[in-house]
Each structure stands twice: as structure tokens, then as C-alpha cells.
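Engineer: sequence isn't available, so here's the structure alone:
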């Protein structure tokens, strides 16, 4: 990440129906190649240790534009539709500006 | 990340006093070398776009042990003490198991 460059990041959490968190997280993670093709730099999919029906994602993108455009891709829309039955609908998401850290995308 | 290997991850959000989010995030990010020395694999520090006094971190560690041990390191304790005056005390954290994605640590 270049000095002074702020990447767009996004974090979200999804609640699944009871017992479906592992399946949901695995299937989200399987979407990594589609997100890579859309320009995503970092995509971390995790399951809450104390609440395994809660799945958390953290994404880094070159800008908000690539993120928003990715949601219009047919394969992403198909994946969202296929996964929706696993979810209760309880969701929270937050747009972020990445400031720095460790293990950052090198190609920004 | 080896197939089937689940890394420990942690996400947290901190609320700063008004107008201090940028300073807090920058100083957290400056702690990256100390976290690397403690074994941290990924450490993403970000500021909420719509709420810049809210700072979000996402960390990946080989296991919970390295994460917990890092909090005992003198330089980490000193940094926490130095940064605490910027914070309101409103904090939420969540322990996670990393399932997969993109831009994962290669050395786990």
C-alpha cells in the first residue's frame, strides 16, 4: 500500500439459521476467485468462535467502485441468491478506509 | 493457509473521543512491527467512513496463544496505555476462526 494511499475496505457480519454458519462461511470463501476477478485485494471470511452462526467478512478493494461493481456481476448475484436461504436476514455492514497495518495488499 | 487449517482471528472496534479517530488509527497502525514480532500474520486497521471516530481492526494469528501473549509484551502494554486517553472506553471485540478467502497469510 503506497504511503498516504487509503484503500476502501468493508466489514460485514451475517447471521445464519442455527447450525448453518460453517456451511455459509465455507461457501462464501469459495467465492474468492470471483472476487479476485472483480479486483478484490483481501477477503477474509471467519466464523465467530462463541457464536458460530455469525459469519464475519473483511474485504479490501482498490476503491469503493470495484466493490460496488462486483455486486453487479452475474456470478456474484447468483452466489448471493443461492446463499440467501442460509441467512436469517440479520446483517450489519460498515464501509471503512484502510489506514495501515500488516499483511496489507501489496498491489494497491 | 494449509487446507483445513483454521487460524485464530480477532476483530474489534474502538470509539475515540470526537475528532481523534485518525490519530488513533495511525498510531495503532504504527504498532505493526511489534505485532509482527509477536507472531501476528495480518493486522488491518481501518476507520469507519461514515463515523470516523470508530476504528476497526481485523487481526489473524497462528493461534489464540500468540494473540494473548502479545498483550503481555511490555511494548504492547506501553502502547495501549499511551493510546487509552484517545478512547471513550466503548469497545467491542470478537474472537473468530478464519475459514478462508483471498489475501490470506501464506506462512500459517
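Structural biologist: Yep, that arrived. On a predicted model such as this, the values are computed, not experimentally measured, just so you know. Numbering: from 1, shown residues only, chains lettered A, B, ... in the order given.
Engineer: quick one: the helices in chain A?
Structural biologist: Counting by DSSP state H, residue ranges of the helices within chain A are A:21-30, A:32-37, A:64-70, A:74-83.
Engineer: taking the ones you listed together, which one is wrapped up most tightly?
Structural biologist: helix A:21-30 (a mean of 19; mean count of other CB atoms under 10 Å in any protein chain shown). Using the backbone N, CA and C atoms, a C-beta is placed for each residue, glycine as well.
Engineer: near chain B at all, that one?
Structural biologist: Yes: on the criterion CB under 8 Å from any CB of the partner chain, helix A:21-30 is in touch with chain B at A:22, A:25-26, A:28-30.
Engineer: count of neighbours near residue A:48?
Structural biologist: Other residues within reach of residue A:48, judged by other CB atoms under 10 Å in any protein chain shown, total 20.
Engineer: whoops, residue A:71 was the one
Structural biologist: 10.
Engineer: ok, for it, nearest residue in space, not its chain neighbours?
Structural biologist: residue A:77 (7.4 Å; CB to CB, 6 or more residues apart in numbering or on different chains).
Engineer: is that neighbour in contact with residue A:70, as I believe?
Structural biologist: No: using CB atoms under 8 Å, residue A:77 makes no contact with residue A:70, being 9.9 Å away.
Engineer: is chain B within reach of stretch A:56-68?
Structural biologist: Yes: counting by CB under 8 Å from any CB, chain B is contacted by stretch A:56-68 at A:56-58, A:60.
Engineer: likewise for stretch A:35-50?
Structural biologist: Yes: Stretch A:35-50 lies within reach of chain B by CB under 8 Å from any CB, at A:35-36, A:40-50.
Engineer: list buried residues within the residues you listed.
Structural biologist: Neighbour-count burial (16 or more other CB atoms under 10 Å in any protein chain shown) is assigned, among these, to A:35, A:40-49.
Engineer: what about residue A:31, distance to chain B?
Structural biologist: 9 Å (CB to the nearest CB, to the nearest Å).
Engineer: which ones are touching the residue lying closest to that residue once chain neighbours are set aside?
Structural biologist: Nearest residue to residue A:31, sequence neighbours excluded (CB to CB, 6+ apart): residue A:79, at 5.4 Å. Contacts for residue A:79 (CB atoms under 8 Å, 6 or more residues apart in numbering or on different chains) come out as A:27, A:31, A:34.
Engineer: could you measure from the residue nearest to the first one when sequence neighbours are not counted over to residue A:26?
Structural biologist: Closest residue to residue A:27 in three dimensions, ignoring its sequence neighbours and counting by CB to CB, 6+ apart: residue A:83, at 5.9 Å. Computed as CB to CB, to the nearest Å, the residue A:83 to residue A:26 distance reads 11 Å.
Engineer: then residue A:100?
Structural biologist: Going from residue A:100 to residue A:26 by CB to CB gives 30 Å.
Engineer: also residue A:94?
Structural biologist: Counting by CB to CB, the gap from residue A:94 to residue A:26 is 24 Å.
Engineer: quick one: residues contacting the residue nearest to residue A:11 when sequence neighbours are not counted.
Structural biologist: Take residue A:11 and drop its neighbours on the chain: the residue closest to it by CB to CB, 6+ apart is residue A:58, 4.8 Å away. Residue A:58 makes contact with A:9-11, A:42-44, A:46, B:11, B:44, B:58, according to CB under 8 Å, 6+ apart.
Engineer: out of the residues of stretch A:56-68 next to chain B, which sit inside strands?
Structural biologist: Members of the residues of stretch A:56-68 next to chain B lying in strands (criterion: DSSP state E): A:56-58, A:60.
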